[in-house]
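1. what's the 3D shape of this:
(one chain, ligands or ions: 1)
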Amino acid sequence: MQTPDTTRLAALAQHYGTPLWTYDAAVIRERIAALRQFDTIRFAQKACSNVHILQLMREQGVKVDAVSRGEILRALAAGYDASGEPSGIVFTADLIDRPTLELVVEHHIPVNAGSIDMLHQLGAASPGHRVWLRINPGFGHGHSNKTNTGGEHSKHGIWHSDLPAALAVIRQHGLQLVGLHMHIGSGVDYSHLQEVCGAMVDLVRLVQKAGHDLHAISAGGGLSIPYRDGDASVDTNHYFGLWDAARQQAAAVIGHPLALEIEPGRYLVAESGNLLAEVRATKDVGRNHFVLVDAGFNELMRPSMYGSYHHISVVPHDGVPQAEKDCVVAGPLCESGDVFTQGDGGVVLPRPLPAARVGDLLVFHDTGAYGASMSSNYNTRPLIAEVLVDGDSDRLIRRRQTVEELLALELQ
Ligand code: LLP
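-> A predicted model of the protein is given here:
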C-alpha cells in the first residue's frame, strides 16, 4: 500500500477538478524493476490501458498483453509491434471475433488461445501464425470467485487434458507453437504456486511427448498487492525462484533453454494510482453516517463488484483534522450498491474515518489497477480525467469525456 502525498493530491484535485484518477510513474518503474529477473515482463493492460501508461511500459522494455481489438489498437498506438520474439503484443482470449481475427492476422500478432475453436479459426485464416496455448490446469485461485480463472467452473483456457487435441490442431494448420501459458487467477495466495509450477512442467512433458517444440513458458499474472495495512507484499524473489526452477525442469525436458514470461496487471500499476473525490453531502440515516462523494461505482467498481477494500484518506478542505467516526462512504449513483465501504455480498461496512465534511477531499488508495479501465458511463456520467505524475511534473493523460460526446453516438 502506498502512502500518497495528500498535499500534492489536493493540489491536483484543485487544478484538474474531481473526480480524478492519478498515477505516479515512479511507483510503476519501481514495480517493473522488481520483476526484472524474468526474461519478459508482459503487462496485462486490462488493469490500466491508458496509452500513456502503455508508452511508459514500452520505454521500460515491458511487453504488452491485449484481450480485445481495442486493446490491440491501444498497444499499436503506444508504439508496440509484433515483430521478433518475444512479440511486443500478444492477444489472449478464449474466443476471437471476426474483426479481431482480421487485425491479428494483419499485424502478425501472436495469439494465446484459450479454446480449440480459436486455433481452428486462426489456422484457417493464417496458417503458420504464432500461437501460445493458455491451459486451465484444473484448479485456480482468486481474491474472489469472480477472479478465479482455473478449474472446471472457469471458462478460461484449454482444459489440461485437451492439450494433445490442441497440439493436433496446431499440426493440422502448421501453426507455430511459441509457448505454454497459465493464469489461474488474480490475487492468488502463494500456497498454490508450487502446484502451478508443477502443472506447467507436466504440460511441457506432454508437449515434448507429442513431438512439439516450444520456446517459452508464461507464469501469467495474479500477483497480489497489499490493499490493507498489514497485508503482505509479494516476495518477487521467491516467486521468481519457483518459476525459474520450473523453467529449468521444463528446459531439461525439451532439451534447450526456455524463456520465462510473467504477465501481471495489478502488481505493476495498482499502487501507483489514486482516485480523488470531493465530499458533496453528509447525512445520518438511522444508525449510519453517510459521506457522499462525487465519484461512484461507475468510476471505481471494485468495492461493488467484489466487496474489495480500498484504503481511504480524508484531506480536510480547511486543514483542520477531524475526530474519527464510523462512516459509510457512498457515491452519487441511483443505486443502493453505490457504496465504497462494503463487504462481499453488498453488506454495508461503516469504517472509522476522520469525519469528512462537505468540501473535503477523499483519496481512494491503490486504484491504479482495474480502476479507470473498469469504469462505465452508467447514469450518463462521462469518463473522468486521468493525470500522470512524474517527479515534480504532472500532465493530463486523458481529458474528461463530455456528455455531448456520449449523446453524439445517439443523435446523428
Ligand atoms: N493474464 C490474464 C490472462 C488475465 O486474465 C489477467 C487478469 C491477468 C494476466 C492479470 O491479472 P493480475 O496480475 O492483474 O491479477 N477486475 C479484477 C481482476 C480481474 C483480472 C482478470 N484477468 C479486480 O479488480 O481485481
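2. okay, now the domains of the chain?
-> Domains of the chain are assigned by automatic domain parsing as 36-263, 271-408.
3. Select, out of these, the one closest to Thr7.
-> Minimum separation from Thr7 across the domains of the chain (CB to CB) falls at domain 271-408, 8.0 Å. Quick note: C-beta positions are derived from backbone N, CA and C, even for glycine.
4. The closest one close to the ligand?
-> Yes. Against the ligand, domain 271-408 shows contacts by CB under 6 Å from any ligand atom at Arg302, Ala369, Tyr370.
5. quick one: which of those is nearest Met200?
-> Closest to Met200, out of all of the residues of domain 271-408 next to the ligand and judged by CB to CB, is Ala369, at 24.5 Å.
6. Can you get me a residue count around the closest residue to the ligand within the stretch 51-200 of the chain?
-> Closest contact between the stretch 51-200 of the chain and the ligand, by CB to the nearest ligand atom, is at Ser186 (3.1 Å). Ser186 is flanked by 28 other residues according to other CB atoms under 10 Å.
7. Let's test this: what are the backbone torsions at the closest residue to it other than its chain neighbours?
-> If the residues on either side of it in the chain are set aside, Ser186 comes closest to Thr147, at 4.0 Å by CB to CB, 6 or more residues apart in numbering. In terms of degrees, to the nearest 10, the main-chain angles of Thr147 are phi -120, psi 20.
8. sorry, back to before: inside helices: which ones of the residues of domain 271-408 next to the ligand?
-> In this view, the residues of domain 271-408 next to the ligand that belong to helices under DSSP state H are Arg302.
9. can you put the residues of domain 271-408 next to the ligand in JSON lines and add distance to Glu152 and pLDDT?
-> Output for the residues of domain 271-408 next to the ligand, formatted as JSON lines (distance: CB to CB, whole Å; pLDDT from 0 to 100):
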{"residue": "Arg302", "distance to Glu152": "26", "pLDDT": "97"}
{"residue": "Ala369", "distance to Glu152": "27", "pLDDT": "98"}
{"residue": "Tyr370", "distance to Glu152": "25", "pLDDT": "98"}
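10. wait, which of the residues of domain 271-408 next to the ligand is closest to Gln249?
-> The nearest one, if we look at those relative to Gln249 and count by CB to CB, is Ala369, at 31.3 Å.
11. quick one: that closest one and Val269 touch, right?
-> Yes. Applying CB atoms under 8 Å, one finds Ala369 in contact with Val269, separated by 4.9 Å.
12. Return every residue with contacts to both of those two.
-> Ala47, Cys48 (CB atoms under 8 Å, 6 or more residues apart in numbering).
13. And these two? Which one has more around it.
-> Val269 (31 against 25).
14. any idea which element that one lies in?
-> Taking DSSP states H and E as the criterion, Val269 maps to helix 266-269.
15. C-alpha coordinates for the helix or strand that that helix is followed by, PDB please?
-> Per DSSP H and E, helix 266-269 leads on to strand 273-285 as the next helix or strand towards the C-terminus. Extracted in PDB, the C-alpha atoms of strand 273-285 (Å, rounded to 0.1, in the frame of the first residue of the first chain):
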ATOM      1  CA  GLY A 273      -2.900   5.100  -8.600                       C
ATOM      2  CA  ASN A 274      -5.400   7.100  -6.500                       C
ATOM      3  CA  LEU A 275      -9.000   8.200  -7.100                       C
ATOM      4  CA  LEU A 276      -9.700  11.700  -5.800                       C
ATOM      5  CA  ALA A 277     -13.300  12.600  -5.000                       C
ATOM      6  CA  GLU A 278     -14.900  15.600  -3.200                       C
ATOM      7  CA  VAL A 279     -17.400  15.200  -0.400                       C
ATOM      8  CA  ARG A 280     -20.700  16.800  -1.500                       C
ATOM      9  CA  ALA A 281     -23.000  15.800   1.200                       C
ATOM     10  CA  THR A 282     -23.200  14.000   4.600                       C
ATOM     11  CA  LYS A 283     -26.200  12.700   6.300                       C
ATOM     12  CA  ASP A 284     -27.300  10.400   9.100                       C
ATOM     13  CA  VAL A 285     -29.600   7.600   8.100                       C
END
